[in-house]
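>>> 3D model of this:
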Amino acid sequence: MSFYAFAQMVCGAVLRTVWRMRVVGRENVPATGPLIVACNHISYLDPPALGVAVPRPLDYMAKQELFAIPVLGPLITALHAFPVDRSRGDGAAIKRAVSVLRTGAALGIFPEGTRNKDGTVQPQSGVALLHYLSGAPILPAFIQGSGQAKRLARISVVLGEPVSFVTGQKASREDMAKWTGEIMQRVYALEERLRAN
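As a prediction, the model looks like this:
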C-alpha cells in the first residue's frame, strides 16, 4: 500500500467518524486519464476531504509557505503536493502541473486560490490555463460543511461530471476568464445536488 493510499484510508476513517462525511457523484470520476478536479475552498480540511472523496490519487498545487512548516512540508510533499508562489505568475508551477497531467494523473486545484469563507474571493484563471495547455477535462467539485468543522458539522462532497471547453483553437484572455467563470458556476451549482440527496 502506498503512503497516499494509507493516508487516504486514515483520513477517510476520521472524516467519516468525526464529521459524518458523505460523498455524492463518485461514479463521475474517470478511472484513468488526465483530469483537473476544481473545487471551492473554505477550510484547511478541504484538501484531505477532496482526497478522500476522489477515488484515485490527486496531485495538488499548494501555497509555497506550507512547505516551510516543519513536519507539514514533508508530509504534503509525500502526498503529491507541490508549491506555487501566489504572489506572482508562477511559471514553474504551471509547467509542473501540465507535466503531471500529461502523465495521465489527476490534479486537485482550488481556483479561488485561498479560503473563500464569505464568497468574495474572485477565482484565478490558472485552472482554465491548465485546461487549455493540457487538454485535460475539468471535474467540478463542491464541499459543504468544512467551514463549521469546529462545530462538528457534517462534511459533504459532491463530484460533478467532467467538462471540456478546449476547441483546438487559440484561446484569448477573454476565453480564459469566461471558462473560469463557467467552471465556478458549475462548482457552486453542485450545492443543489446535496439538497436532492
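
>>> Need the three-state assignment for Ala62.
strand (DSSP: H, G, I helix; E, B strand; the rest coil).

>>> what bridges to it?
Counting by DSSP bridges, Ala62 is bridged to Pro83.

>>> Quick check: it vs Ala68, distance?
As defined by CB to CB, to the nearest Å, Ala62 lies at a distance of 12 Å from Ala68. In short, each C-beta sits where N, CA and C put it, glycine included.

>>> what do you get for Met9?
According to CB to CB, Met9 stands 28 Å off from Ala68.

>>> Which of the two has more residues huddled nearby?
Met9 (12 against 9; other CB atoms under 10 Å).

>>> Chain neighbours aside, what residue packs nearest to the more buried one?
In space, and not counting its chain neighbours, Met9 is closest to Met1: 8.0 Å by CB to CB, 6 or more residues apart in numbering.

>>> What about that neighbour, how many residues nearby?
Around Met1 there are 7 residues (other CB under 10 Å).

>>> what ranges of this structure fall below the confidence cut-off?
Where the chain drops to pLDDT under 70, the residues are 86-90, 113-121, 123, 197.

>>> which residue ranges form the strands in it?
For the chain, applying DSSP state E gives strands covering 22-24, 35-39, 58-63, 81-84, 106-109, 138-144, 156-159.

>>> Which strands or helices does the first one pack on?
Strand 22-24 sits against strand 156-159, with contacts defined as 3 or more CB pairs under 8 Å, 6 or more residues apart in numbering; DSSP states H and E.

>>> Give me the contact list for the strand it packs on.
21-26, 28-29, 37, 49-50, 52-54, 139-145, 190-191, 193-194 (CB atoms under 8 Å, 6 or more residues apart in numbering).

>>> So what are the sheet partners of that strand and their directions?
strand 22-24 (parallel), strand 138-144 (antiparallel).
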